[in-house]
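In: Below are the sequence and a predicted model; questions follow.
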Amino acid sequence: MRKLLKYLNKYKKESIIGPLFKLLEACFELLVPLIMASMIDVGIAKKDTGYIFGMGSILILFAVLGLACSLTAQYFAAKASVGFGTELRHDMFVHIQELSYSEIDQAGSATLVTRITSDINQVQSGVNLVLRLFLRSPFIVVGAMIMAFTISVKLALIFAVAVPLLSIVIYGIMVVSIPLYRRVQKGLDRILLSTRENLEGIRVVRAFGMQEKEKKEFEKENEFFLAAQMLVGKISALLNPVTYIIVNAAAIAIVWYGGKEVYAGGITQGEVIALVNYMTQILLALVALSNLIVSFTKALACANRVNEVFALRPSITEGQETEGAGTDEAVAFENVSFAYPKSKAYAAQDLEFSVKKGEMIGIIGGTGSGKSTLVNLIPRFYDVTEGCVKVDGRDVKEYCLETLRKKIGIVPQKAVLFQGSIRDNMKIGNEDADDEAIMEALKIAQAREVVGEKPEGLDHMISESGKNLSGGQRQRLTIARAIVKKPEILILDDSASALDFATDARLRKAVRGLKDMTVFVVSQRAASVMQADRIIVLEDGRIAGIGTHQELLKTCPVYEEICYSQLSEKEAGYHA
Amino acid sequence: MHKEGKKGTLMKVLRYIRPYMHYVILSLLFAALSVILTLYAPILLGEAIDCIVGKGNVDFGEIFLILEKTACVIIVTGIAQWLMNLCNNQITYGVVKDIRLKAFKKLENLPLSYVDSHASGDTISRIITDVEQFSDGLLMGFSQFFTGAVTILATLLFMLSIDVKISLVVVLITPLSFFVAGFIAKRTYMMFKKQSETRAKMTSLVNEMVGNQKVVQAFGYGRRASKRFDEINDTLKGYSLRAIFFSSITNPSTRFVNNLVYMGVGITGALSAITGAISVGQLSCFLTYANQYTKPFNEISGVVTELQNAFACAKRVFDFMEEEPETPDDADAVVLKEVEGNLSLCNVSFSYKKETPLLKDLNLEVKPGQKIAIVGPTGCGKTTLINLLMRFYDVNQGEIRMEGIDIRRLTRKSLRENYGMVLQETWLKSATIAENIAYGKPDATMEEIMVAAKEAHAHSFIMRMPEGYDTMISEEGGSLSQGQKQLLCIARVMLRLPPVLILDEATSSIDTRTEIQVQKAFEKLMEGRTSFIVAHRLSTIRTADRILVMKDGNIIEQGTHDELLSQGGFYKNLYESQFL
């Protein structure tokens, strides 16, 4: 939390004025019972109507002042907390933009999304709550006790017993019930899991005729949840009755010993009434405080999670170069090894090869063989652990990231499009692209029909994460998006998996026609890489062979195995 | 119409409450008791204070008696409150548990067409979130609505019995807090709406940009994304400030009205005390009431909104529970036994939506042990065929027969028991590996499970797992690779060995080694069984007894590999296209 407090710096004035006015309001509230007491002791006893009206107007004045103070406090607290939230949000968004792939992997994108939305919202409410109420409740408790002492030290001893007792009861019930609430939450999570599983696996559940069994299992979860709820319900149901009894017992004690004091002439009747009122005020303040503590712990937990994100430091520092060396070598790997952060095993090891400009390179291998890892090193999404990766004759670490990434168009495995028109999406990598360039790219990506089908053409709106398009359509559009960038190097990372054979083939043919572009095609299908100029075969992060299809069939057993598991001998040799 | 719906929901809620009627009655009794006693305590204390007149003038004997009585009242009140709370818990949690269970049971009986056409998030939120919110609202309603109402009424009566004039002051000023709260709530609502709209916009942007941060970075879109984010963030700042401020002035404002009431009572009370119309003790009692009286008003207005929300949630849950269920099996439905694997489709027509017809007049005869490969471009309707065979959907026209019997005349359970299905989307439960393999046969022995796993080529990787067959599979299969998950799904079917198989070959994302194992497992599974395979692999397609070529939802060509090639149609085109 402390680290986040700097976001309040800009709102120092507001964060001081807010609580200050809140305390002022509390003072007015604390004075009310005293004034009532003097109204009874002086006004009624002496039958002084004027005095009663006088005191009455003071009370009304206090009420008005209290309201004014309170509104002022709320306004400044709101202003400070909202400003705090807004800046925190901005900073975190900017911070996330600076993170490299390693940190994003480490945190997880979904987690980052919750951090910047709901967690920050919670922290913001927490700040607001603290500014408004955190000082107020303890202040009322302490204030009321002080008032009690000024009336009668002897009677105030009752407060000295009752207040700690109340605090212990409230705090005790909280301590016991919070872990139990966690169990309730766990029960709810299990119910949620059951429901989601059954919904997602509905076909399997029915295919196996397991509906009845699933119902029984759910019934068990449901009973477990009920039991947890009932237990915690029983305990928290104690709070109100027990505090009620304590406060009223204290009131009885006040009246009894108060009577004795009055008899002895120490205090007046009105002051006894005032003491009873102070007792009630204390109870209300303590209950409010306990609710506050619950919300505050939640906000604190969120604040810690927010801090975790800020604690992630980008592991990549960019270079200065804004131009390549202008050699005819597009990409070179020199003795490259790479391990993902926090993983001991190498994901790629001893990679060594060089690619000429305009070449088309196929990369094949099973899952986990390091295909994606290899291509992710080219745009420097990750830094190599050993060796060096060169693009256009220069180590990628020497480039300024913007320059480097401008050279490279990558089509990731997961076809992600953004909300907005098709045109907006196409321009994501190249703001200045005109419709002509976009249509050209769509044609190469075999996506022209996708746009042609839509009455609005390029203005067709894509809904969130492209839900209104099929997987194949999305993939083709993401390919077009990368081509619009007019990159020097195009990387297709297994990005034709949702395409049927025919479209896939047409796409590859069109991409081969891009003369100046160096192309990497990553795939698990032998048919997709067969016609590349050279094929890199990966196994367990190492290069198992480099060469043309025909060469590899003869020299590389891994490649041979892949081909024959997918193609017939005749098909594998079709090109011969 | 709208009112009707509300009333209907209320009736339905009442129906669920009925089994807990005894608790409801008890709860109401305890509530009435605790409220009345709560109100009685200040009167007693007031009487005691009246015995304290001044120096040397205190009636201790009387005070003692009164305080003794007060102590009893307080203890009984506390107990009554506690019992009332317990009853309320019983009612609320019980009712909600019943509803939740019923909703889940409904889920298991819904036709697949419902599930396919509704976002799963929506269904889940009905069964989970809506039910939870309903539960919160109901609990609040029970614990506060009734006690609130009784408190208002009883306070009024108590006050009137002491003094009419002061009571009038309270009655006249209190509604003011209602107005003030209502007035603020209306303004706040608008601001909250705008705030949540803007928040939704922000979440959706963040979801896209941060959720796909890698793409954003790869395309150098970060700066533009930040600009878009800041615009929304600034708008949000404005709305949030107003929403938070307006909502936070509700409390001070109602407290202000409270204070006015308190003052009104204080002044008129003091004036009456001078004339001797009431005693000082009674004035103190009035002051306590004035503090208590406005509270239930504020609470009830809160409860009313909460209840409205709860009923809206309840309605959504009930709507879900009233969805048309799957047509039940006929009473005289046949239980299928002794299946060899004869299947036939006669003049089958089917479409999901009337406007877009899919299958038309489809005929197909499958003999035991035949292998049928289904091929075609993505979105050609391969899953439609599976949906019909398994009777996840019913045909519109014609019929599908298994062993010569129309499948609509069979019990669903017995029909489906004869199918083994391995889909590309591998679904596993969050349970142990052994439990997952035994999913279709919960009474299987460990030995049977291991045999099935061995035949599915899954045994060796399972043994490499830290706890072998007892390894827990986390949500969505977490630590397992796609191929391993598929092997488990195969083992699951292997254990039952049904006579007809429906297999969906994976297009990608399996490594070669596992892929070979999956294929071997598939072959083992298919031995002597009628199988339908959604095929992507040429080797599978070539060895099929019959190939169904699908396009745009229809079967356009049928035959063996060689027949189809010599026909020179779409299949030939498809086959050759990958070697352009």
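Out: Noted; the coordinates are in hand. Numbering: from 1, shown residues only, chains lettered A, B, ... in the order given.
In: What is the burial count for whichever residue of the stretch 351-500 of chain A sits closest to chain B?
Out: Relative to chain B, the nearest point of the stretch 351-500 of chain A is A:G366 (2.7 Å; CB to the nearest CB). Bear in mind the C-beta positions are built from the backbone N, C-alpha and C, glycine included. Neighbour count for A:G366, taken as other CB atoms under 10 Å in any protein chain shown: 22.
In: my read: it touches A:Q524, true?
Out: Yes: using CB atoms under 8 Å, A:G366 is in contact with A:Q524, at 6.9 Å.
In: so A:S528 touches A:F501, yeah?
Out: No: with contact defined as CB under 8 Å, A:S528 does not reach A:F501; the gap is 9.3 Å.
In: What ranges does the stretch 201-350 of chain B have for its strands?
Out: Along the stretch 201-350 of chain B, counting by DSSP state E, counting those that start in this stretch, strands occupy B:343-350.
In: Equivalent analysis for the stretch 201-350 of chain A, please.
Out: Counting by DSSP E, counting those that start in this stretch, the strands of the stretch 201-350 of chain A are A:329-338, A:348-356.
In: In chain B, which helix is the longest?
Out: The longest helix of chain B (DSSP state H) is helix B:60-109.
In: B:G182: which of the strands of the stretch 201-350 of chain A is closest?
Out: Among the strands of the stretch 201-350 of chain A, strand A:329-338 comes nearest to B:G182, with 64.3 Å by CB to CB.
In: any idea which helix or strand comes after the helix or strand where B:I152 lies?
Out: Using DSSP states H and E, B:I152 falls within helix B:146-162. Following helix B:146-162 in sequence order, the next helix or strand is helix B:164-173 (DSSP H and E).
In: Show me how chain B divides into domains.
Out: Chain B is divided into the following domains under automatic domain parsing: B:1-162+B:300-326, B:164-277, B:368-380+B:419-577.
In: would you turn these into a markdown table with mean neighbour count and mean pLDDT?
Out: Formatted as a markdown table, the domains of chain B follow (neighbours: other CB atoms under 10 Å in any protein chain shown; pLDDT from 0 to 100):
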| stretch | mean neighbour count | mean pLDDT |
| --- | --- | --- |
| domain B:1-162+B:300-326 | 18 | 87 |
| domain B:164-277 | 19 | 85 |
| domain B:368-380+B:419-577 | 19 | 81 |
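In: Tell me which of the ones you listed sits nearest to A:K213.
Out: Going by CB to CB, the one of these nearest A:K213 is domain B:368-380+B:419-577, 6.5 Å.
In: sorry, back to before: hey, which of the strands of the stretch 201-350 of chain A is tucked in deepest?
Out: Greatest average neighbour count among the strands of the stretch 201-350 of chain A goes to strand A:329-338 (a mean of 20), per mean count of other CB atoms under 10 Å in any protein chain shown.
In: Tell me the helices and strands packed up against it.
Out: Helices and strands touching strand A:329-338, by 3 or more CB pairs under 8 Å, 6 or more residues apart in numbering or on different chains; DSSP states H and E, are strand A:348-356, helix A:371-377, strand A:386-391.
In: How about the helix holding B:I152 and chain A, touching?
Out: No: for helix B:146-162, no contact with chain A is found by CB under 8 Å from any CB of the partner chain; the gap never falls below 10.6 Å.
In: relative orientation of that helix and helix B:60-109 in degrees?
Out: Interaxial angle of helix B:146-162 relative to helix B:60-109 (axes from the mean of the first three to the mean of the last three CA atoms, to 10 degrees): 150 degrees.
In: Contacts for helix B:146-162, please.
Out: Residues outside helix B:146-162 that contact it (CB atoms under 8 Å, 6 or more residues apart in numbering or on different chains): B:27-28, B:31-32, B:34-36, B:38-40, B:43, B:84, B:166-167, B:170-171, B:278, B:282, B:285-286, B:289, B:292-293, B:295-297, B:299-300, B:303.
In: If we use 7 Å, what do you get?
Out: B:28, B:31-32, B:35-36, B:39, B:43, B:166-167, B:170, B:278, B:282, B:286, B:289, B:292-293, B:296-297, B:299-300, B:303 (CB atoms under 7 Å, 6 or more residues apart in numbering or on different chains).
In: Can I get that helix as CSV, trimmed to CA atoms?
Out: Only the C-alpha atoms of helix B:146-162 are listed here, as CSV (Å, rounded to 0.1, in the frame of the first residue of the first chain):
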residue,chain,number,x,y,z
PHE,B,146,-40.2,-7.7,8.5
THR,B,147,-38.4,-6.4,11.5
GLY,B,148,-38.2,-3.0,9.9
ALA,B,149,-42.0,-2.9,9.3
VAL,B,150,-42.8,-4.1,12.8
THR,B,151,-40.3,-1.6,14.3
ILE,B,152,-42.0,1.3,12.5
LEU,B,153,-45.4,0.2,13.5
ALA,B,154,-44.6,-0.7,17.1
THR,B,155,-42.6,2.5,17.7
LEU,B,156,-45.4,4.5,16.5
LEU,B,157,-47.8,2.8,18.9
PHE,B,158,-45.5,3.1,21.8
MET,B,159,-44.9,6.8,21.1
LEU,B,160,-48.6,7.5,20.7
SER,B,161,-49.3,5.8,24.0
ILE,B,162,-46.8,8.1,25.7
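In: how distant is that helix from the center of its chain?
Out: 40 Å (CA atoms, centre = their mean, to the nearest Å).
In: mind checking the SS state of A:V384?
Out: At A:V384 the chain is in coil, as set by DSSP: H, G, I helix; E, B strand; the rest coil.
In: Just want the phi and psi numbers for it.
Out: Torsion angles at A:V384 (phi, psi; degrees, to the nearest 10) stand at phi -60, psi 150.
In: Pull the number of nearby residues for it.
Out: When neighbours are defined as other CB under 10 Å, A:V384 has 21 of them.
In: how near is it to A:F93?
Out: Applying CB to CB, to the nearest Å, the value for A:V384 to A:F93 is 29 Å.
In: Equivalent analysis for A:A299, please.
Out: In this structure, A:A299 and A:F93 are 20 Å apart, going by CB to CB.
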